[in-house]
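[1] Quick one: sequence and predicted model below, then my questions.
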Number of protein chains: 2
Amino acid sequence: MQKKTVRSAPTRDLVVEKLEHYLNSPECPQNGCLPGEDSLAEMCGVSRKTLRSALDILAERGVVDRIRGKGTFKVLTYERQKKVIYYFLPCANYEKYAGITSATHIMETLNGLMLATRGTGTYIVPLHYSQSNRPDDPDWEVLNMIEPGAMVFIGGMWYRRCFSFLRRRSCKVLFLNMLDLSIFHPDNAPYMDDINSFHQLRIDNFTGVRNCADTLMKHGCRKLFLAAASLGDITNPLLPGYLKSGGKAYWSCDQELSLDILRDELARQYRKFQFDGLILGCGVEFPSDSRFTLRRYLGLPEEVRLIFYYKNPTVLALDRKQPYVCCDYRRICREGVEILLDGYHPEIQRRQFKPHIENLEYL
Amino acid sequence: MQKKTVRSAPTRDLVVEKLEHYLNSPECPQNGCLPGEDSLAEMCGVSRKTLRSALDILAERGVVDRIRGKGTFKVLTYERQKKVIYYFLPCANYEKYAGITSATHIMETLNGLMLATRGTGTYIVPLHYSQSNRPDDPDWEVLNMIEPGAMVFIGGMWYRRCFSFLRRRSCKVLFLNMLDLSIFHPDNAPYMDDINSFHQLRIDNFTGVRNCADTLMKHGCRKLFLAAASLGDITNPLLPGYLKSGGKAYWSCDQELSLDILRDELARQYRKFQFDGLILGCGVEFPSDSRFTLRRYLGLPEEVRLIFYYKNPTVLALDRKQPYVCCDYRRICREGVEILLDGYHPEIQRRQFKPHIENLEYL
């Protein structure tokens, strides 16, 4: 009886059935982007014309969407559970809080995660960690949106108050950090159990700063100077890396520094140490004026060679003719998303990313 | 039989049952943030001690999460469908494309949407509209993540190539725009049917610029000058608003302007027109130097009164002692989210937001 019905149906209806079966099978791409009409026609064993008339019917039913010149897309229905990776933003007023115009590194990571999940049926969901701008005051209402077992991408120690919460919920946490957490610091002690049960990505600033110092010395510098923020923090690997490569003089500047203070202090340090190689890692914003050059702005003598230690590649304000340290956030995000989506193994615990020096030809 | 079982159970188990019933009822807050222990104890008609032992059992089962000093939270399970509002970002390289250091207005809108959806069980999901940075080349694979009937928040005409797609999928679209779309422009013609079937939010720059001109004249200015981008676009309401309030002289500057060109051109225009009131709406980035003052930077004579027409409130680089036009993006996001979540009525089509002038005391 059924066979008879099938036989009497025109080819087009058979193709519609075949396509419907295909659309609900695991063979159908997860993002709903179907193969070209030629491939589909071949798959169904029919002419392109018959295939198109079948697709017309499915489009009318709202099962597929045909976009001229772009192809055919399965309309993903609401019921189909999409995957979610949560990504923490410090708070709504972070830009004001951090005293920076642009939350560039946040946008860069967000963009990196969005790019890395393209075509995987995964949403990136940014969540505000805090409403009060205080790291020790998480917004539990917002964090409660994170369901047990969820995937979470975290950038930095700022968020540590919620680590035990995430562990309790058995979340797959990818934790991106700049610090060397193998060094004991009483501030971090309460969080180490949690941190060690997460997968850790780490930007290897120890090697980064060593490369800078070695490079400067290879270019003939004999007296180096390091000016960067938070050098007093023993878990910050910048100073150990610098000392390891023979550097001696340094200045640990304030996190929130104005350009004027930086300029004055650098002039003072120069009078004192007469350095001929400078590694500058301060989070000051420089103007985006097209005539701007970092060296002139800082009032540095011509003979001082300078490497700007900035780990974010999208600092557009940065003088383009200036060597700077750069970390590929997009690669980090890509690897992070791969780990989260293709199997999170807590036994593979750590991965390091070495920053590299860009624009070295200008040194 | 059932009654007997219930009777023989200790009070604690009864409270557990009662709480479980409550947790799955519509009375339970959607964000899972439960009332305080006193309220819960009163609701269950038991002592706080009994309530706490019942909560302990639920916490052990992973049904609730108790956070010391913060309260009790229902663990929202994966199965529970959360709502999603999609928010378009132009593309991953937008910052480079737009020639601006910070994608401040994007972060501000994203933050505004996240704040506005707090406690509603709604995710904000940012999606890249394009991968090639071209408005006429949407990324259909990414857009295909938007399921039929979904809520979408769109900021600007950049995204118009996908409007018919969104309409075909019967999406609830909130469209935030700066242009006056009641004025015919051939570029927009193919999209008007779609736009008119969306709910529109509009920043009323016609009134905004009129207020600036009126304010300057009230402060004694007799010769006004307007320098802003895209004044030649007839759907841009800045010029009509300016002319309406009696302004005559203006300069339509390039979208991507360097500070040098702006300075030179303003000097030239000043020599020509000897204006005593200036409305400046160029998208130039100014330094975030603490000593920075916009007037000095532009080399403007002391007697020229200046209002900076910048619609984004988080321009931190902006001279704090400078009147500037400001639009409350957070309020717009709040109203937008309310419309999307609490009933989207296509018959209520348009809402306008008037920019206001901040720091007027410095004029």
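    Right, received. Where do you want to start?

[2] show me where chain A has strands.
    Secondary structure of chain A by DSSP state E: the strands cover A:64-67, A:71-74, A:83-89, A:122-128, A:151-155, A:172-177, A:199-203, A:224-229, A:249-253, A:277-281, A:305-309, A:324-326, A:350-353, A:356-358.

[3] List the contacts of the second one.
    Read it as strand A:71-74. Outside strand A:71-74, the residues that touch it by C-beta atoms under 8 Å, 6 or more residues apart in numbering or on different chains are A:23, A:28, A:32-34, A:36-37, A:40, A:55, A:63-67, B:140-141, B:144. C-beta: built from backbone N, CA, C; applies to glycine.

[4] In PyMOL, select just the buried ones from the residues you listed.
    Filtering the contacts of strand A:71-74 down to the buried ones (16 or more other C-beta atoms under 10 Å in any protein chain shown) takes a single PyMOL command:
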select buried, (chain A and resi 23+28+32+33+34+37+40+55+63+64+65+66+67) or (chain B and resi 140+141+144)
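
[5] Filter the contacts of strand A:71-74 down to the ones in helices?
    A:L23, A:E37, A:L40, A:L55, B:W140, B:E141 (DSSP state H).

[6] give the contact list for the fifth one.
    Contacts here follow C-beta under 8 Å, 6+ apart; on that basis B:W140 touches A:C33, A:I67, A:K70, A:G71, A:F73, B:F165.

[7] ok, now the second one?
    By C-beta under 8 Å, 6+ apart, the contact list for A:E37 reads A:R48, A:L51, A:R52, A:L55, A:T72.

[8] thinking again about what came up before, reformat the strands of chain A as JSON lines; add distance to B:R263 and mean pLDDT.
    Formatted as JSON lines, these follow (distance: least, C-beta to C-beta, whole Å; pLDDT from 0 to 100):
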{"stretch": "strand A:64-67", "distance to B:R263": "46", "mean pLDDT": "85"}
{"stretch": "strand A:71-74", "distance to B:R263": "49", "mean pLDDT": "85"}
{"stretch": "strand A:83-89", "distance to B:R263": "36", "mean pLDDT": "93"}
{"stretch": "strand A:122-128", "distance to B:R263": "38", "mean pLDDT": "94"}
{"stretch": "strand A:151-155", "distance to B:R263": "38", "mean pLDDT": "95"}
{"stretch": "strand A:172-177", "distance to B:R263": "41", "mean pLDDT": "92"}
{"stretch": "strand A:199-203", "distance to B:R263": "39", "mean pLDDT": "92"}
{"stretch": "strand A:224-229", "distance to B:R263": "31", "mean pLDDT": "93"}
{"stretch": "strand A:249-253", "distance to B:R263": "31", "mean pLDDT": "93"}
{"stretch": "strand A:277-281", "distance to B:R263": "28", "mean pLDDT": "92"}
{"stretch": "strand A:305-309", "distance to B:R263": "26", "mean pLDDT": "90"}
{"stretch": "strand A:324-326", "distance to B:R263": "28", "mean pLDDT": "85"}
{"stretch": "strand A:350-353", "distance to B:R263": "41", "mean pLDDT": "89"}
{"stretch": "strand A:356-358", "distance to B:R263": "30", "mean pLDDT": "88"}
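
[9] Any chance of JSON lines for these, columns distance to B:Q349?
    Below are these laid out as JSON lines (distance: least, C-beta to C-beta, whole Å):
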{"stretch": "strand A:64-67", "distance to B:Q349": "26"}
{"stretch": "strand A:71-74", "distance to B:Q349": "29"}
{"stretch": "strand A:83-89", "distance to B:Q349": "33"}
{"stretch": "strand A:122-128", "distance to B:Q349": "29"}
{"stretch": "strand A:151-155", "distance to B:Q349": "39"}
{"stretch": "strand A:172-177", "distance to B:Q349": "44"}
{"stretch": "strand A:199-203", "distance to B:Q349": "47"}
{"stretch": "strand A:224-229", "distance to B:Q349": "51"}
{"stretch": "strand A:249-253", "distance to B:Q349": "54"}
{"stretch": "strand A:277-281", "distance to B:Q349": "52"}
{"stretch": "strand A:305-309", "distance to B:Q349": "51"}
{"stretch": "strand A:324-326", "distance to B:Q349": "48"}
{"stretch": "strand A:350-353", "distance to B:Q349": "50"}
{"stretch": "strand A:356-358", "distance to B:Q349": "50"}
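
[10] Tell me the bridge partners for the closest residue to A:L340 other than its chain neighbours.
    Leaving aside its sequence neighbours, A:L340 sits nearest to A:M151 (C-beta to C-beta, 6 or more residues apart in numbering or on different chains; 4.5 Å). Note on A:M151: beta-bridge partners A:I85, A:K172, judged by DSSP bridges.

[11] neighbours around A:M151, how many?
    22 (other C-beta atoms under 10 Å in any protein chain shown).

[12] Does it touch A:K172 like I think?
    Yes: the pair A:M151 / A:K172 is scored as a contact, 4.7 Å apart, by C-beta atoms under 8 Å.

[13] about what we covered before: top of the contacts of A:E37 by number of neighbours, please.
    A:L51 leads the contacts of A:E37 on contacts (other C-beta under 10 Å) with 24 neighbours.

[14] Please name the spatially closest residue to that one (chain neighbours excluded).
    A:L51 sits nearest to A:A41 (C-beta to C-beta, 6+ apart), 4.2 Å away.

[15] can you pull the contacts of that neighbour?
    A:A41 neighbours (C-beta under 8 Å, 6+ apart): A:S47, A:R48, A:T50, A:L51.

[16] Need the pLDDT of the nearest residue to the second one once chain neighbours are set aside.
    With C-beta to C-beta, 6+ apart as the criterion, A:R48 has its nearest non-adjacent residue at 4.6 Å, and that residue is A:A41. With respect to pLDDT, A:A41 scores 91.
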